[in-house]
Structures are given as structure tokens and as C-alpha cells.
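>>> Sequence and predicted structure below; questions after.
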Amino acid sequence: MAVRRSKLSGLQRDVLSLYRSCLREIRKKPKENRLNFIKFTRTQFEKHLALPKSDFGTIEYLLRRGRHQLETYANPGVRNIGM
């Protein structure tokens, strides 16, 4: 019995890509602070779970904001994050 996967839209793929990029960057942070970064990332994504898939403008805005945050937190000088 094969598992059937629905095709993802371009925006859905972009959101998943951003999430995976965040998790990859977290692996570069000090081990003792990684959990803080994971909690922060998860919280940021979970805030918008109820957002309708058809709200393209908001999703695109959040993707831009998320990429900018990722770029900021990927800086090696950022070693911890507070919530």
C-alpha cells in the first residue's frame, strides 16, 4: 500500500525550506544554547499555523521577515537567544 502525498504549493515549499534552513543554522550554535534557538524557531512558526493558505501577501511578508531573522541569527557573534 503506497502512501499518497499531496503536492505542496510553492509557498508551502518556501516555508518548509526556511524552517529546514533555521534548523541547519541552529546546529552551528553552541550546544548549550541550541534548545533556546529551537524553542524560538518553533514558536515563531507556530504563531501563524492558523493563517489561511490563501493569504499570500501575509505569507510572503512572513517569509521575508523570517529570512531576515535567519540571516541575523546566523551571524557567528549571536551565541544565544532569549524569549
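Thanks, I have it.
>>> Tell me the backbone dihedrals of the residue most central in space within the chain, please.
When the chain is reduced to its mean C-alpha position, the closest residue under CA atoms, centre = their mean turns out to be residue 19, at 3.1 Å. When quoted as degrees, to the nearest 10, the phi and psi of residue 19 stand at phi -60, psi -40.
>>> Start and end of stretch 48-62, how far apart?
End-to-end distance of stretch 48-62 (CA to CA, to the nearest Å): 9 Å.
>>> After the strand or helix carrying residue 35, which helix or strand is next?
Residue 35 belongs to helix 34-46 when elements are defined using DSSP states H and E. The element immediately downstream of helix 34-46 (helix or strand, assigned by DSSP H and E) is helix 56-73.
>>> So for that next one, what gets flagged as buried?
59, 62, 66, 70, 73 (16 or more other CB atoms under 10 Å). The C-beta positions use only the backbone N, C-alpha and C, and glycine is treated the same way.
>>> And for it, what's in contact with it?
Outside helix 56-73, the residues within contact range by CB atoms under 8 Å, 6 or more residues apart in numbering are 11, 14-15, 18, 21-22, 25, 37, 44, 48, 51, 53, 78, 81.
>>> How far away from the center of its chain is that helix?
Between the centre of helix 56-73 and the centre of its host chain there is 9 Å, according to CA atoms, centre = their mean, to the nearest Å.
>>> and the angle from that helix to helix 34-46?
Relative orientation of helix 56-73 versus helix 34-46 (axes from the mean of the first three to the mean of the last three CA atoms, to 10 degrees): 170 degrees.
>>> coming back round to it: the residue nearest to the centre of the chain contacts residue 42, doesn't it?
No - with contacts defined as CB atoms under 8 Å, residue 19 does not count as touching residue 42, sitting 9.1 Å away.
>>> neighbours around residue 29, how many?
Other residues lying near residue 29 total 20 when counted by other CB atoms under 10 Å.
>>> One more: residue 77?
Applying other CB under 10 Å, we find 4 residues neighbouring residue 77.
>>> confidence score at it?
Among the per-residue scores, residue 77 shows a pLDDT of 91.
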